[in-house]
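Undergrad: have a look; sequence and predicted model below, questions after that.
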Amino acid sequence: MKVIKMNKIVVEQKEFSVENKNIIIKEFKNTIQDLHIIGKVNLGILTIPQNFVLNIYLHEQAILNIDLFVHLNNIKNQFNIYSKYQSKLNFHYSCIFDGNNFLNIYNFIQSDETEANVYVRAVENNGTFEIKAEGSVLEKTKENIYLEDIKALTNHNHCIKIQPNLLVKSNQVIANHNMTISNINHQELWYLESKGLNRSVAIDLLKTGFLKGILNLEEIKQEVKSFE
Amino acid sequence: MVITMLKIKNLTVTVLDKTILEHFNMEIHAGEIHALMGKNGAGKSTIAKVIMRDPSYKIKSGTIFYQEQNLLEMTTSEAAQSGIFLVNQNPIEIEGVTNAEMLRTSLNDAGKNDMNILEFNRKLVNLCNQLHLPTSFIHRDINFNMSGGEKKKNELLHMWMLEPQCIILDEIDSGLDVDSLKLVANSILEYYNQYKPAILIITHQKNLLDILKPDFVHVLDNKKIVQTGDYQLALDIFKNGFSRTSIISESDQNE
């Protein structure tokens, strides 16, 4: 397994550009942040401020792979993604949440031949979460792909609300969304117990596995593990 | 000295108020290989899951003792930690949890992990080679995106790592091609020769039994064992079918 060593940085400028780099952002200093992506970028995000807005501008032919793992505690966060010609986005958002939290993801597909894959995995510790995901494919655009897959695990029957919204004004688009809110899968839990894992350990492993399942960057996966 | 591994007496099991097993009896000693055969839907997988303490199955009456301990008072984890291992017919996929994570955690929970991380990895690498699995399987998510054959070999990887004393193979041969079946059966035989566990095989296939040669063959019908014999009984069934081997109950035949 090849592990890419990634630099960890703190972003202080309000407008920040990344070009052909692999980086991990350990802190954003601004609550409204503009991020320009040029070329191929692998980006890890470890923390976000409260009431945070991240505007991501994918320049022409940019490829952005974002892995994000955060512990949300009374946090509102919003991601506005603007995709230009032939850009590609893989957005992987994993979180554990306490308190009352909001996540809004807006994808504005303004050009042709773009691809956006948005994955969200949320695990309740003890709190509520409202997730709004919106894909907006503008008129006169063509051959765009937009996929959303949002799943949440709850164990206290607190309120989790997922609101998908696809606004498609073009005839040439592949758009799909999938949303699930569930408890721990009992068959998976029983399987792990049948291999000798104690129940509480198996539940923790399933939760972290659920969160890690969408992540690619080893450093971000390690953060999930260290949260166990 | 003969050690009784599993002793099942007068067991009656229901699921969703339907009786699946009734007055079921079976005794397996250490070092014995038993085969359980029967028509589809006879309840063969039920006994495997009951032994593994699947909470979906309700025990109405009867007892199961495992190495003289009351198995019905154990949780699934406790049963596994005390040495029972089940290979499911369709092993479930778990995305995000790797083989290595699960195995290391399992050994820790059972208090059996006397290997450091290097020894643990080395053992997994050797076992992957032995099972003709790429070493990448060590860090693959459990059974996730694996073919039917790979899943069964992956289960054997778990078996070799956890070193159980009582193994239940629930149609391990289903979905395997000829070469994979041979490899899987030989791996089980090698494990048997090394550790002499008790093995209960649930199967419809001759090829697996040809290699593992069970000491006892039981036929399950009408919710209970209706006949027990040696390997020859299995050969008769493969040759003549259940009904012509005159072991299926009259009421069942009338149906």
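TA: Sure, I can see it. Here the structure is a predicted model, which means the values were calculated and not measured.

Undergrad: and the residue of the stretch 51-200 of chain B found nearest chain A, what element?
TA: Minimum separation of the stretch 51-200 of chain B from chain A (CB to the nearest CB) falls at B:Gly96, amounting to 2.9 Å. C-beta: built from backbone N, CA, C; applies to glycine. Counting by DSSP states H and E, the element that carries B:Gly96 is strand B:94-98.

Undergrad: need the pLDDT of the spatially most central residue of chain B.
TA: In chain B, the residue lying closest to the centroid (CA atoms, centre = their mean) is B:Ile168, at 1.6 Å. Note for B:Ile168: predicted pLDDT of 98.

Undergrad: list phi and psi for whatever residue of chain A ends up closest to chain B.
TA: Nearest residue of chain A to chain B: A:Gly209, at 2.9 Å (CB to the nearest CB). Torsion angles at A:Gly209 (phi, psi; degrees, to the nearest 10) stand at phi -60, psi -40.

Undergrad: tell me, how many residues neighbour it?
TA: For A:Gly209, the count of nearby residues is 23 (other CB atoms under 10 Å in any protein chain shown).

Undergrad: confirm that B:Gln232 sits in a strand.
TA: No: checked against DSSP: H, G, I helix; E, B strand; the rest coil, B:Gln232 lies outside a strand; its state is helix.

Undergrad: distance of it from B:Ile47?
TA: Distance from B:Gln232 to B:Ile47, counting by CB to CB, to the nearest Å: 23 Å.

Undergrad: okay, the two: which has more neighbours?
TA: B:Ile47 (27 against 9).

Undergrad: re earlier: pairing partners for the strand holding B:Gly96, with directions?
TA: strand B:141-142 (antiparallel) (DSSP bridges).

Undergrad: what pLDDT, on average, does the strand it pairs with get?
TA: Mean predicted confidence for strand B:141-142 is 96.

Undergrad: pull the distance from that strand to the chain's centre.
TA: Centre-to-centre, strand B:141-142 and its host chain are 20 Å apart (CA atoms, centre = their mean, to the nearest Å).

Undergrad: is the next helix or strand after that strand in proximity to chain A?
TA: Helices and strands here follow DSSP H and E; after strand B:141-142, the next one along the chain is helix B:148-162. Yes: judged by CB under 8 Å from any CB of the partner chain, helix B:148-162 comes into contact with chain A at B:158, B:162.

Undergrad: kindly report the same for stretch B:196-206.
TA: No: under the criterion of CB under 8 Å from any CB, chain A is not reached by stretch B:196-206; the shortest gap measures 14.8 Å.

Undergrad: can you pull the residues of chain A lying near chain B?
TA: Counting by CB under 8 Å from any CB, the residues of chain A that sit close to chain B are A:1, A:187-188, A:190-199, A:201-202, A:205-206, A:208-213.

Undergrad: just the buried ones from those, in ChimeraX syntax?
TA: Restricted to buried positions by 16 or more other CB atoms under 10 Å in any protein chain shown, the ChimeraX selection for the residues of chain A next to chain B reads:
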select /A:188,190,191,192,193,194,195,196,197,198,201,202,205,206,208,209,210,211,212,213
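
Undergrad: let's see which of the residues of chain A next to chain B end up in helices.
TA: A:187-188, A:190-194, A:199, A:201-202, A:205-206, A:208-212 (DSSP state H).

Undergrad: who touches A:Glu27 in this structure?
TA: A:Glu27 sits next to A:10-11, A:46-47 when contact means CB atoms under 8 Å, 6 or more residues apart in numbering or on different chains.

Undergrad: so where is chain A shaky, pLDDT-wise?
TA: For chain A, the stretches flagged by pLDDT under 70 are A:1-5, A:228.

Undergrad: look up the closest residue to residue 42, ignoring the ones flanking it.
TA: Picking chain A for this. Once flanking residues are discounted, A:Asn42 sits nearest to A:Asn22: 4.3 Å by CB to CB, 6 or more residues apart in numbering or on different chains.

Undergrad: try again with chain B
TA: B:Ala42 sits nearest to B:Leu220 (CB to CB, 6+ apart), 4.7 Å away.

Undergrad: and the one you found, what are its bridge partners?
TA: B:Gly38, B:Ile225.

Undergrad: what's the helix or strand for the nearest residue to A:Glu15 once chain neighbours are set aside?
TA: Of all residues not flanking A:Glu15 in the chain, A:Asp34 sits nearest, at 4.6 Å (CB to CB, 6+ apart). Using DSSP H and E, A:Asp34 maps to strand A:32-38.

Undergrad: that strand pairs with which strands, parallel or anti?
TA: Partners of strand A:32-38 in its sheet, by DSSP bridges: strand A:15-19 (parallel), strand A:52-58 (parallel).

Undergrad: tell me where the chain has strands.
TA: Looking at chain A here, since you left the chain open. A:7-11, A:15-19, A:22-28, A:32-38, A:40-45, A:52-58, A:63-73, A:76-83, A:88-109, A:115-137, A:142-153, A:160-168, A:172-182 (DSSP state E).

Undergrad: actually chain B
TA: So, for chain B - with DSSP E - the strands run B:4-15, B:18-29, B:33-38, B:58-66, B:69-70, B:84-87, B:94-98, B:141-142, B:166-170, B:198-202, B:216-221, B:224-229.

Undergrad: A:Val120 is nearest to which of those?
TA: strand B:94-98 (14.3 Å; CB to CB).

Undergrad: flag every buried residue along that closest one.
TA: B:94-98.

Undergrad: likewise stretch B:209-224?
TA: B:209, B:212, B:214, B:216-221, B:223-224.

Undergrad: what's the angle from the lengthiest helix in chain B to strand B:166-170?
TA: Secondary structure assigned by DSSP H gives helix B:178-195 as the longest helix of chain B. If you take axes from the mean of the first three to the mean of the last three CA atoms, to 10 degrees, helix B:178-195 sits at 170 degrees to strand B:166-170.

Undergrad: what does the pLDDT read for B:Gln253?
TA: As summarised for this prediction, B:Gln253 has a pLDDT of 44.

Undergrad: many thanks, we can stop here.
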